[in-house]
Each structure stands twice: as structure tokens, then as C-alpha cells.
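Trainee: need a structure here:
(chains A and B)
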2 protein chains.
Amino acid sequence: MSLLLALAAVAASPVSAKPAAALSPGEVVAASPAPDWQAISPDDLLVMDLAPASNGRPRRVVIQLMPEPFSQGWVGNVRKLAAAHWWDGLTVYRVQDNWVSQWGDADGEDKAKAKLLPAGIEQVPQERYVVRPEGPERSATHEELDTWLATIEGTHAAWHALARKGSKVKDSDPYADETFFYRGWPVAASQAGPSAWPVHCYGSIGVARDMPPDTGTGAELYVAIGHAPRQLDRNLAVVGRVIEGMQFMSSLPRGPAPMGVYADPAERTPIVSVRPASEVADLPVYEFLSTESASFRSYAEASANHREPFYVQPAGGVDICNLKVPVRRRK
Amino acid sequence: MSLLLALAAVAASPVSAKPAAALSPGEVVAASPAPDWQAISPDDLLVMDLAPASNGRPRRVVIQLMPEPFSQGWVGNVRKLAAAHWWDGLTVYRVQDNWVSQWGDADGEDKAKAKLLPAGIEQVPQERYVVRPEGPERSATHEELDTWLATIEGTHAAWHALARKGSKVKDSDPYADETFFYRGWPVAASQAGPSAWPVHCYGSIGVARDMPPDTGTGAELYVAIGHAPRQLDRNLAVVGRVIEGMQFMSSLPRGPAPMGVYADPAERTPIVSVRPASEVADLPVYEFLSTESASFRSYAEASANHREPFYVQPAGGVDICNLKVPVRRRK
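Mentor: So this is what the prediction gives:
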């Protein structure tokens, strides 16, 4: 068997005896000290159990919700919907290749109109697709943007600092003026506004909507299952990401009707339940590699400049969605 | 049903009566005149038939091979392997989420060592992962790079010209100094060398290898099934892409063993046959939207600056792997 080495994968690899400069990203992650890992609060986790696969195996999908200040109106709705067991008995009703898997009520809109949504669901204005400083819109300088971003949380993330400090990591992004990591999440920012927003990467979960743009409640969600659909940034709300079980969302049969809808409702994948983690017994503790840690900085550099023997030509850069934040079960 | 509109998808949409400025990328493609489409020669197509799905449905995957001057040693090997029916009866033996599906002989290396590969298989040196002008390596200016790239084929592609001519489309790329389309294929280039190479996008097919880097024959191939693994550019040979049936490669169950290998060989997906198109009856004619056409330029602009009503905030840019070259059956 000739193996295309999956060195970019986050899967833990044994730490080798090679010099530090030749560690793969996975090796950097495996070697990172425990204090560089940050536990994810169960308050920020949802557990979605799909019907078992045809071979009887369980299909559990663990979801982490987006932290403040991003997408909070919709995140609040999603919390209420999970607490109300809203999705129980509903389905994954559309899977479009290289795009999204989407779940909720195939007749959700009508149900909402019939006021069947749980109490307290907020209609979130489209302006919330981004976070902005108070005051009128303007065009900020690069330095002003940085100053404002720093106010979001004291000092912001390792990856951003890395890119700005003249490291050899190139993070040019066609969709934004800046990309960085904020408390473990990929975020982008623009000098115009200025504004910042969470980005759509593989595994990101967003709020489906119709027109006008404030019609998404959170009752219908999608997860990106292909190349990062960055054109959706600032147009739909990213509310979370899949941290375990992503393969159960990405390997579903693609729907044959337009937009990946299942022509035959019997082909939809039933959702047994979606629960706040507090209602799920024996859930492990999950942790992510702090994006403010030295280990994450090393991981970013190793991802942008693969020096391990398999690679003959390091890229010298990495895009924000290819720098996947490592998440694992705490041992 | 609340639908996340799949406007970025290439699927033909009815041409609306909206003003031209508000056409979605799909609408631009649907409205493009026939002369802007270029037929794909059957000489450049392979047809892979997987075993039917569990519901009995056929699973046909159509592959287009990379044109000159890129990866030609490996492409030549792949042509010989298909002509020899090398993959018939072999399997897709590894599927790793957000990475690749890989096929060939799970014991391929040994088979090759036993000289069971068809006659004439070339050992391609790693230098061929890129194309370079003759002469010693050097650092070219931007203008020198452009001049050299133009010699590859008279004038090169619309997308590149678009980016360079001050259009509002931003195509910053962290992996290369330039990205452009060459005869319908996404390509990147560096001033260092200078050099140019085909890039790994969703659906790109590459040659798996071991160490050292010249060990890939083409007998084992992978297709990217997640976010574009651009770090593999210049480290593995891209030899083609899936133009139809991609969903059959991307929706396979992920292998549970490390690197997505199926722990139980019975879980592998059997390959019935891989054939040059000349051996396949009743294959349709496939065509792609010429990347030198005015329609492609409009498509690129519409993809980077969504102006249709669904979008509230155009990105102002697009990355080369999100600007999927439209391919369809000729009517």
C-alpha cells in the first residue's frame, strides 16, 4: 500500500526523534504541553444523534457553539431550540456535493409561521452578520483596525500576530483584509466599516435562510462539507462547528434533486435527537489547542512550511481554513 | 423548507429578467453562448465504474486528464494503466474525511516491485512537479514571470488577466505569487524559479506516493474530497479531475483506521473497471466553459462580487478553488 501521508491531519502522531525543525503539524500538536489546551465548556456543546447507519453503527455529531461576540442572536436561538428538543424527529433533508448538508424541518418555514417555534426565538437583524465598533461606518487604517480588534478581547490571536510580525507565513486572503484566530475560531476582518466576522470553513455550521436576509432563525442549519464556501461570509450566520462525527454529515448520499434535496423523503436521514450537553450522559471533555498558545504558533508555522521529509516544497503560506484548530477528547 | 440558496453552484439556473449586473454566477454560465464552451476530447477522458451502490444504483465517475505541459510523465503512466485495465477488480481502499479518497491496489507497491505494472511505466523525477523555463533557477520579477507564462500557450487565461488588469476581483493566494486558469485548469506560479504548477482543488486527482518523492507511478490515485489541500501542490502530481460522479467518491464511508484506511478489507469499494473513453459506448460529449472566454470573465466577476438579491455583502474576491470551472454534458 502506497500511502499519501496525511501529515496535515490533526490526528496525533508519535513524536519522532527528529530535530524540532522537522516536526509535522500533527507532531507539533501531539507534542504540545497540556496547559496549551483549553477545555470546551459543556455549556457550549450540543449533541446530535442521527439514526444509526444501515450497518447499525451509531452516528453521533458533537457541535461547539460560536463564542461572543459573534452571531450571538442566532446562537441564542439555537440554544433555545436545542433545550426545547426542537430537532427531535426531524431530518437531514438536503445534501449537496461540495456545498452543505442541511437539517431541520423540511416544512420549517410553515411551522415557524404557525408559531410552533419555542418561545423567545429572536428575529436577528442582518447587520449582526458582522461585529462593528460603535459609531458610523468608516474606512479604518490597518492600524486602526488592529486597535479595534484588540479591544474585542484584550489581545487577539496567535495566528494574526504571527502573520503581522514578519514571519514567513503568508496568509493572504481574497475575502478579507485580515484573518486571524479568536478564542479558537477562524475570523476575518475588513478595514471598511471596520468589521469582523466568523468565516465559513469545512465543518462550519450556519443558519439557513430565505429572503429577506433576517429570516433565518436557527431552526434550520447547514454544515459545510466541501471547499470552504467563503462567499457566504457576512451573508449567513456562522453559529458553530462540528468537533466530532463530521464524517456522518459529509458522507451522506447526495440528494438527486436540485440543491441536493432528496426527491424521495424516505431518503432523508432521521435525527433522533439534538441535546444540550448537560442532558447527555457520559460525554467526554473536549479541548482545543489554544490559538493564543506557543504550540499553536508552532503548528501554524509547521502547516505553512512543511519541513518534514515527505514534503519537497513547502508552500510558505496557509489559508485560514487549512489551518484547522486541533480539537480532541481530553484524556 | 428554508433553502440556503446554492447560487455559487454551477448548476444551470433559468436566465432571469433581472438586469445583467444582478446575474448570479450560475445564471452567467447558463446564459453563456455556445461558442464559449469547449468540447473535451474523449482522448482525455477516463471512465471509472465502481460497484453499484447498496440500492443498486450505478456509480460512474468520469475523469478528465491534465493537459500539457503539466504532470505529463504521470499522465502518460495513467493512460497506459487505463489502457491495460490495471484498476479492474481493485478497490477504493482508503477514505479520510476532509482529505482524500484513494484507489488502486492495497498491495500495489509489492505488485509494482514484482514488475506486474504494464510495460512502459515511467519513473518520473520529482522536478516534474513543476514546469520551469530552461536554464538555471533564479528569482524572476513579476513581469518576467508573466512573460514566461505567456510562452506556455500564446496568451494565458482570462482569470489571470482579470486579476492583473485592476478589476475589483481580489485573488490573493497564500500558496503562490500568481494563480490563473490555463486551458480550463487552475494553475499557480512562483517568481522563485520561476515555476508553474497545477493546484489541488476539490475533485483534483493526484498520484499517491511513498518516499522518496519519485515513487508515485500513477497506479494509485487519490481525489481531494474536502477543503483544497493546497499544501500538496508541488509535492504530489495532479493528473486530472473528476468532471462527473464526484459524489460517489466524496460520500463513501470514511475508513475507521488511521488515515482513513478500511480496517476490514470487505469495506473497500470495488472498482469494476477503469477505461479510456474510446472503449466506452454511448459516452456523452463533455464541454467546459473556456477560461479564455468573455463568459468566464463574467462568471469570475459574478463569483467574486455576488450582486444577486440573496447576498447582502459581496466578498470582493474569490480563491482559485472556489472559482470552479463549469463542466457539463453537451446537449
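
Trainee: okay, CA-based contacts and neighbour counts for the rest of this
Mentor: Will do.

Trainee: right, and A:F288 touches A:F296 too?
Mentor: No - here A:F288 does not reach A:F296: they are 10.1 Å apart, not a contact under Cα atoms under 8 Å.

Trainee: neighbour count winner among these two?
Mentor: A:F296 (26 against 19; other Cα atoms under 10 Å in any protein chain shown).

Trainee: any idea how far A:S295 lies from A:D36?
Mentor: Using Cα to Cα, to the nearest Å, A:S295 is found at 7 Å from A:D36.

Trainee: more neighbours, those two?
Mentor: Per other Cα under 10 Å, whichever of A:S295 and A:D36 has more neighbours is A:S295, with 23 against 17.

Trainee: whichever strand or helix holds that one packs against which elements?
Mentor: In this assignment (DSSP states H and E), A:S295 forms part of helix A:294-304. The contact analysis (3 or more Cα pairs under 8 Å, 6 or more residues apart in numbering or on different chains; DSSP states H and E) places helix A:294-304 against helix A:25-31, helix A:158-164.

Trainee: next helix or strand past the worst-scoring helix or strand of chain A on mean pLDDT?
Mentor: Scoring the helices and strands of chain A by mean pLDDT, DSSP states H and E places helix A:158-164 at the bottom, with a mean of 50. Downstream of helix A:158-164, the first helix or strand assigned by DSSP H and E is strand A:178-182.

Trainee: show me what that following strand is packed against.
Mentor: When contacts are defined as 3+ Cα pairs under 8 Å, 6+ apart, strand A:178-182 sits against helix A:158-164, strand A:185-190.

Trainee: establish whether the shortest one and chain B are in contact.
Mentor: No - against chain B, strand A:185-190 shows no contacts by Cα under 8 Å from any Cα of the partner chain, the least distance being 10.4 Å.

Trainee: ok, stretch A:246-259 next?
Mentor: Yes - using Cα under 8 Å from any Cα, stretch A:246-259 comes into contact with chain B via A:246-247, A:250-254, A:259.

Trainee: which of those tops the neighbour count?
Mentor: Neighbour counts for the residues of stretch A:246-259 next to chain B, by other Cα under 10 Å, peak at A:S250, which reaches 31 neighbours.

Trainee: please list the residues of the stretch 201-331 of chain A that sit near chain B.
Mentor: Checking the stretch 201-331 of chain A against chain B by Cα under 8 Å from any Cα, the hits are A:201-202, A:208-213, A:220, A:225-229, A:231, A:233-235, A:246-247, A:250-254, A:259, A:304, A:310-319, A:321-322.

Trainee: are any of those buried, and which?
Mentor: Among these, those scoring as buried are A:201-202, A:208-209, A:213, A:220, A:225-229, A:231, A:233-235, A:246-247, A:250-254, A:259, A:304, A:310-319, A:321-322 (criterion: 16 or more other Cα atoms under 10 Å in any protein chain shown).

Trainee: just these: which are in helices?
Mentor: Counting by DSSP state H, these place A:246-247, A:250, A:304 in helices.

Trainee: and the nearest residue to A:P253 once chain neighbours are set aside, what does it touch?
Mentor: Leaving aside its chain neighbours, A:P253 sits nearest to B:S251 (5.8 Å; criterion: Cα to Cα, 6 or more residues apart in numbering or on different chains). B:S251 is in contact with A:250-254, counting by Cα atoms under 8 Å, 6 or more residues apart in numbering or on different chains.

Trainee: so which of these is the closest to A:D97?
Mentor: Of all the contacts of B:S251, A:R254 has the smallest distance to A:D97: 6.1 Å, by Cα to Cα.

Trainee: so what pLDDT did that closest one get?
Mentor: Looking at A:R254, its pLDDT stands at 97.

Trainee: show me where pLDDT drops low in the stretch 51-200 of chain A?
Mentor: Scanning the stretch 51-200 of chain A with the threshold set as pLDDT under 70 gives A:107-115, A:153-171.
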